[in-house]
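Peer 1: pasting the sequence and the predicted coordinates here, then a few questions.
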Amino acid sequence: MWTSTLVLLHAALTVAFIGRVLIRPRLDPSVRLAWIMVIEAVPLVGILAYLLFGEVRMNQAEVQRMSDIRDRLTGLRTPSPDVLASSTPEFARPVVAANASVGGMDVLQGNHIRLLDEGDQAIDDLVAEIERARDHVHILFYIWLPDHSGVKVADAIERAARRGVACRVIVDALGSRTLVRSTHWQRMQRAGAECVTAFPWGLPVISILFRRLDLRNHRKILVVDNRVAFTGSRNCADMAFLPKLRFGPWVDVLFRIEGPLVRQLQSVFLGDWMTYTGRDLGHMLQLVDAAERPGMAGQIVATGPDLRAGSISDCLTGMLHAARREVTITTPYYVPDAALDAAIRAAARRGVQVTMILPARNDSLVVGATSEGFYFGLLSAGVRLRLFQPGLPHSKIMTVDGCMAMVGSANLDRRSFELNYEVNIAIFDEQLVTEIDARQASYIARSCPITLQDVSGWSVLRRLRNNLLALASPLL
C-alpha cells in the first residue's frame, strides 16, 4: 500500500512540476523541453534538480528594491546633450538600440578609452589611480585574490582610506571568499574602507527558499573620483591565477576609461552598492565632462537576472546580424543559447569571415566538453575555430568589421546570459577596435586551428559525451 501511495505521490509531483515548467513565462523552448525530459527521466532527482536550478528564483522584496534603485539612478543619469553620440554608422544603429533596450543606457561620445597591457603590469595602472584618489574609490570584483596583484590593490585601498578617501569595496562572496577570510580584508576595514560581499551564503538551507544559491556578481569595475574608471574581463588577481595554476596564465583584457562612460560605470556600481547596503548614494552620480572631442563613442551594457528584459546574448546576436565582412570572437566558455549559436553560424554561411578563439584546455571539464559539442555545427557552417595553447584565454571579446566591439565580463554561456550580474562595454571607434583586433590576432598567433576532419576523427565515446552535454546545455 505504501508503495502505491508513494508512486501516486511521485506521479502527482511530476505532473505538477511539468505543469510549472509549461506555464512559466519567458522560458526558451529548448530549456522548457530539457527540464521536462529531466523531470520525467530521473525520478525524484529531476524534481529536486528543478527546485535547485530550474528557475531564477529571487526574493521579491530584493527584486523590487533593485528595480526602485534602477529607476532612481536612471532618472539621475540623463546625459548632457553634447555627449550623446550623433554619428553612429547607420548599420550599427540597431545594435545601439538593442544595447539600450537591454542595459538602459545611451551611446556616448567624448571618451578616451585605452586598452591596457596584457600582463600583470595592468594592475599597476589601477594602483596608480587609487594612489591619486582624493574623494572616493569604488571597486567591485567577482574574484579578488590575496596574491601579489590582489595584495597590491588591497594595500592601495588601505592607504587611500587612511588618508581620508571614501573607499567602498564590493566582492562576490563566492569568487572572493579567500580574500574575505584573509587579514587584508580586515586591514582595509580597519583603515576605514567599507567592504561588503555580494550574495553571501548565510544559511544555505534557509536561503534556498528565497533565491538560487548560484546567483553571482561577475562584474569588474573600478571608479576613482568620478574621473577615471576601469572595466574588462580581468579579475583582481595575478595572471598565473593560483587556484587553477595548471590552466594558467589567464589572458584578459582591461580598459582604462575617461569621459562620460565613467558616469555609466559609476551608476552600475552605485546600483549594486545601494542594493546591498540600503544606503542611498544617488548624489554621487554627477555629470562627467568629455575627455576628448569628439572622442570615442561607447555604451555600457549592464545585465542581471532581476532585469529579465533581455541579455547580453541579444546584443551579441544583433552585432552578428549587422556584420558584413568579418567577426572575431574570444571566449573561454562557449555554452550559448540557440539564438546566438544560430547567428554565428548564419553569419559564416552568408560569407562573413567568422573566427572564434577558444581554449585548448578548459578549466571546467564539463563546460569544455559541452563547448566541443558545438564544434561540428560551427565548423560545418564555415566558422574558423582556433584553440589557444599557452593558458586560458579569459578575455570576452566580439569585434565586427573593424568598427565595433563588445568587451567585458560576460562569457558566451547561459550562466552569463541568465544568472550572473555582468557589465560590458560596446565600443564604436575604428582605432580602438583595430587595437582590440590586434590583441585578438596575438591570440590567434598563439593558437592552433581545429578542422572538421579533426572533430570527425574523435572517438565515439568523446563525441557521445560532447553531444550529450551539448544537448543538456540549456540546463548548464
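Peer 2: Done, it's in.
Peer 1: correct me, but Ala237 touches Asp147?
Peer 2: Yes - the pair Ala237 and Asp147 qualifies as a contact (Cβ atoms under 8 Å) at a distance of 5.8 Å. In this view, the C-beta of every residue, glycine as well, is placed from N, C-alpha and C.
Peer 1: which residues in the stretch 1-150 of the chain form strands?
Peer 2: 108-115, 136-141 (DSSP state E, counting those that start in this stretch).
Peer 1: dump those strands into CSV; add mean neighbour count and mean pLDDT as well.
Peer 2: Shown next, in CSV, are the strands of the stretch 1-150 of the chain (neighbours: other Cβ atoms under 10 Å; pLDDT from 0 to 100):
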stretch, mean neighbour count, mean pLDDT
strand 108-115, 22, 96
strand 136-141, 24, 98
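Peer 1: dump the ones you listed to JSON lines, plus distance to Leu387.
Peer 2: Formatted as JSON lines, the strands of the stretch 1-150 of the chain follow (distance: least, Cβ to Cβ, whole Å):
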{"stretch": "strand 108-115", "distance to Leu387": "24"}
{"stretch": "strand 136-141", "distance to Leu387": "28"}
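Peer 1: neighbour-wise, which of Ala237 and Asp147 wins?
Peer 2: Neighbour tally, Ala237 and Asp147, criterion other Cβ atoms under 10 Å: the higher count belongs to Ala237, 26 against 18.
Peer 1: state the distance from Asp124 to Leu419.
Peer 2: Using Cβ to Cβ, to the nearest Å, Asp124 is found at 33 Å from Leu419.
Peer 1: next, the buried residues of stretch 193-202.
Peer 2: Of all the residues in stretch 193-202, those buried under the rule 16 or more other Cβ atoms under 10 Å are 193, 195, 197-199.
Peer 1: what's the answer for stretch 381-389, then?
Peer 2: Quick answer for stretch 381-389 (16+ other Cβ under 10 Å): 381-388.
Peer 1: return the member of these nearest to Thr74.
Peer 2: Val383 (37.8 Å; Cβ to Cβ).
Peer 1: is it true that the closest one touches Leu358?
Peer 2: No - look at Val383 against Leu358 with Cβ under 8 Å: they stay out of range, at 10.7 Å.
Peer 1: quick revisit: format the buried residues of stretch 381-389 as JSON lines; extra columns: distance to Ser456, secondary structure and pLDDT.
Peer 2: Shown next, in JSON lines, are the buried residues of stretch 381-389 (distance: Cβ to Cβ, whole Å; DSSP: H, G, I helix; E, B strand; the rest coil; pLDDT from 0 to 100):
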{"residue": "Ala381", "distance to Ser456": "15", "secondary structure": "helix", "pLDDT": "97"}
{"residue": "Gly382", "distance to Ser456": "16", "secondary structure": "coil", "pLDDT": "97"}
{"residue": "Val383", "distance to Ser456": "16", "secondary structure": "coil", "pLDDT": "98"}
{"residue": "Arg384", "distance to Ser456": "17", "secondary structure": "strand", "pLDDT": "98"}
{"residue": "Leu385", "distance to Ser456": "14", "secondary structure": "strand", "pLDDT": "98"}
{"residue": "Arg386", "distance to Ser456": "18", "secondary structure": "strand", "pLDDT": "98"}
{"residue": "Leu387", "distance to Ser456": "16", "secondary structure": "strand", "pLDDT": "98"}
{"residue": "Phe388", "distance to Ser456": "22", "secondary structure": "strand", "pLDDT": "97"}
